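Undergrad: Show me the folded form of this:
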Amino acid sequence: MKGVVYDFKPDRWLAAHVAGRHIPALYDGPLSCLSLRTMPSKPLPGPKWVRLRPLLSGVCGSDLATITTHASPVLSAFTAFPIVLGHEMVAEVLEVGPAVQRVAVGQRIVVQPFFGCEVREIVPPCLPCSQGYPALCQNAAEGRLAPGMLLGFCPDEPGGWSDESVCHESQCYLVPDELSLEQAVLIEPLAVGLHAVLLHPPHSSDKVLVIGGGMIAFAVLAALAWLNTGASVVHSFWEPFQADLSRQFGAQFQAIRENSDELIERVGGRSYRPRFGPSVSVGGYDIVVDCVGSSASMGTAIRTVRPQGTVVLVGAAAHLPGVDWTFVWNREIQLLGALAYGPEANYGHLHTFEATMRYLKSSLLPVEKLITHRMPLHDYRTAIRANLNRNQYHAIKTVFDFSIQHA
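TA: Numbering: from 1, shown residues only. Now for the predicted structure:
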């Protein structure tokens with residue numbers, strides 16, 4: 001099998017961390033931690049495991065954060081190396097273990113990528129796993145597998161940036177015949193957006209601000225459109241090429257490169273100038289969804305949400321230097337973190353993947369347009385550069401297309 005491998009080496013990681021922004025080859029070149037390798041196929045880890053042939057596999061922000069050294073070292077306690085990256089994929093089942101019942105050879109599936117206690121064969125399961133939330137598993141470094149929270153971040157389960165992968169049958173979700181491969185490969189990131197919205201669904205009178213122009217921001221817009229709450233949605237993003245899709249995904253207002261003062265003025269707020277520092281505002285949005293997770297985006301979220309409003313952080317934030325947290329306590333702002341998916345309490349306890357597939361079958365949203373780039377696996381460096389230079393490439397979602405790989 002061939003796969004894109006990330007193998008942590010302290011000297012190479014440090015070089016990428018210090019100089020990668022100026023020398024991108026330190027992220028993905030010969031002196032980086034990343035390489036395309038040919039490896040022997042592994043036997044199935046157990047009787048309930050499945051071998052997969054990826055058809056399309058997405059490039060995610062968490063993959064990029066690992067490659068560019070922006071991921072927090074906190075999570076390194078739950079990761080071992082080397083790893084074959086990639087956790088967003090639609091795949092064909094190649095082989096099933098003797099105890100597998102949920103899927104059969106030849107079927108198309110998407111993978112819920114997080115490892116829970118069932119995958120690690122830990123009994124009894126931890127509390128989150130017992131409630132159906134393996135993404136929050138408390139045993140990510142325990143059990144029969146090497147440390148790793150999810151597919152593509154564990155040496156024992158190669159991810160989707162490869163021509164062969166494996167997963168536990170409990171991670172498999174059958175793809176309905178009505179869905180295209182392009183829709184299917186987006187199920188995982190779309191489910192992230194749907195879960196983020198369902199954590200705190202807006203009311204019809206609410207004003208919602210969505211910050212970001214990447215895949216997760218559009219997943220949040222899709223969720224808001226699917227749920228049809230009637231809330232007013234302002235979409236704040238940086239690059240003009242994202243405006244047309246923003247409208248197609250239901251955002252009533254597009255705020256291109258607007259600062260906090262301008263965003264506040266859209267909802268009738270007022271800005272004041274303190275003795276030092278940036279302006280502060282009165283008023284604001286009922287809900288702000290930060291889909292970036294940077295110091296700038298979180299600062300904007302805190303300054304633009306109303307008193308006792310809610311900020312949902314779905315961007316994979318790590319260290320956020322320079323963020324002023326005063327208004328979190330001064331205005332009693334509710335800050336919610338959103339990670340993944342599971343049985344949705346605000347959607348009849350249906351799993352987020354199943355709810356997402358239900359919407360994809362019935363919705364007219366042009367989700368396939370979010371896939372802006374398709375590349376063969378051996379062109380992984382271009383895929384990474386496209387995502388690091390979104391304005392130049394006009395990139396939103398990049399996928400590896402294995403039909404190109406084998407053409």
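
Undergrad: for the chain, what are the low-confidence residue spans?
TA: 405-407 (pLDDT under 70).

Undergrad: Strands of the stretch 51-200 of the chain, residue ranges please.
TA: Under the criterion DSSP state E, counting those that start in this stretch, the stretch 51-200 of the chain contains strands at 83-84, 88-96, 108-111, 165-168, 172-174.

Undergrad: Take those and write them to a markdown table, including mean neighbour count.
TA: Placement of C-beta: from N, CA and C, glycine included. Shown next, in a markdown table, are the strands of the stretch 51-200 of the chain (neighbours: other CB atoms under 10 Å):
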| stretch | mean neighbour count |
| --- | --- |
| strand 83-84 | 26 |
| strand 88-96 | 23 |
| strand 108-111 | 24 |
| strand 165-168 | 26 |
| strand 172-174 | 19 |
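
Undergrad: For residue 110, give its distance to residue 193.
TA: Distance from residue 110 to residue 193, counting by CB to CB, to the nearest Å: 15 Å.

Undergrad: now do residue 96
TA: When residue 96 is compared with residue 193 (using CB to CB), they lie 31 Å apart.

Undergrad: and the spatially most central residue of the chain, what is it in contact with?
TA: The centre of the chain sits closest to residue 189, judged by CA atoms, centre = their mean, with a distance of 5.1 Å. By CB atoms under 8 Å, 6 or more residues apart in numbering, the contact list for residue 189 reads 58, 60, 88, 215, 216, 219, 397.

Undergrad: what's the answer for residue 178, then?
TA: Counting by CB under 8 Å, 6+ apart, residue 178 makes contact with residue 361.

Undergrad: cutoff 10 Å now
TA: By CB atoms under 10 Å, 6 or more residues apart in numbering, the residues touching residue 178 are 357, 360, 361, 362.

Undergrad: returning to that earlier point: can you redo the strands of the stretch 51-200 of the chain as TSV with distance to residue 306?
TA: Formatted as TSV, the strands of the stretch 51-200 of the chain follow (distance: least, CB to CB, whole Å):
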stretch	distance to residue 306
strand 83-84	42
strand 88-96	34
strand 108-111	37
strand 165-168	43
strand 172-174	38
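
Undergrad: Nearest to residue 307, out of the ones you listed?
TA: strand 88-96 (37.3 Å; CB to CB).

Undergrad: mind listing what the closest one pairs with, with the direction of each?
TA: strand 49-58 (antiparallel), strand 108-111 (antiparallel) (DSSP bridges).

Undergrad: Dump the shortest one to CSV, restricted to CA.
TA: If I follow you right, that is strand 108-111. Below are the C-alpha coordinates for strand 108-111, written out as CSV (Å, rounded to 0.1, in the frame of the first residue of the first chain):
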residue,chain,number,x,y,z
ARG,A,108,-19.6,2.1,0.0
ILE,A,109,-19.1,3.5,3.5
VAL,A,110,-18.0,6.6,5.3
VAL,A,111,-16.0,6.3,8.5
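
Undergrad: Just the contacts of residue 178: which are in helices?
TA: 357, 360, 361, 362 (DSSP state H).

Undergrad: quick revisit: any chance of JSON lines for the strands paired with strand 88-96, columns distance to residue 341?
TA: Below are these laid out as JSON lines (distance: least, CB to CB, whole Å):
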{"stretch": "strand 49-58", "distance to residue 341": "15"}
{"stretch": "strand 108-111", "distance to residue 341": "11"}
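
Undergrad: Of all those, which one is nearest residue 123?
TA: Among the strands paired with strand 88-96, the nearest to residue 123 by CB to CB is strand 49-58 (17.6 Å).

Undergrad: ok, and for that closest one, which residues are buried?
TA: Across strand 49-58, burial judged by 16 or more other CB atoms under 10 Å covers 49, 50, 51, 52, 53, 54, 55, 56, 57, 58.

Undergrad: Can you give me the separation between the last one and residue 86?
TA: This means residue 58. 8 Å.

Undergrad: The second one now?
TA: In this structure, residue 50 and residue 86 are separated by 16 Å, where distance is defined by CB to CB.

Undergrad: who's the residue lying closest to residue 52 once chain neighbours are set aside bridged to?
TA: Of all residues not flanking residue 52 in the chain, residue 91 sits nearest, at 3.9 Å (CB to CB, 6 or more residues apart in numbering). Note on residue 91: beta-bridge partners residue 54, residue 109, judged by DSSP bridges.

Undergrad: Surely residue 91 and residue 172 touch.
TA: Yes. If you go by CB atoms under 10 Å, residue 91 and residue 172 touch, sitting 9.2 Å apart.

Undergrad: what residues are shared contacts of the two?
TA: Joint contacts of residue 91 and residue 172 (CB under 10 Å, 6+ apart) are 50, 52, 107, 109, 110, 111.

Undergrad: quick one, domains of this structure?
TA: As assigned by automatic domain parsing, the chain contains the domains 2-185+367-405, 189-337.

Undergrad: Those domains into a markdown table, with extra columns for distance to residue 347?
TA: A markdown table is the format used below for the domains of the chain (distance: least, CB to CB, whole Å):
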| stretch | distance to residue 347 |
| --- | --- |
| domain 2-185+367-405 | 13 |
| domain 189-337 | 6 |
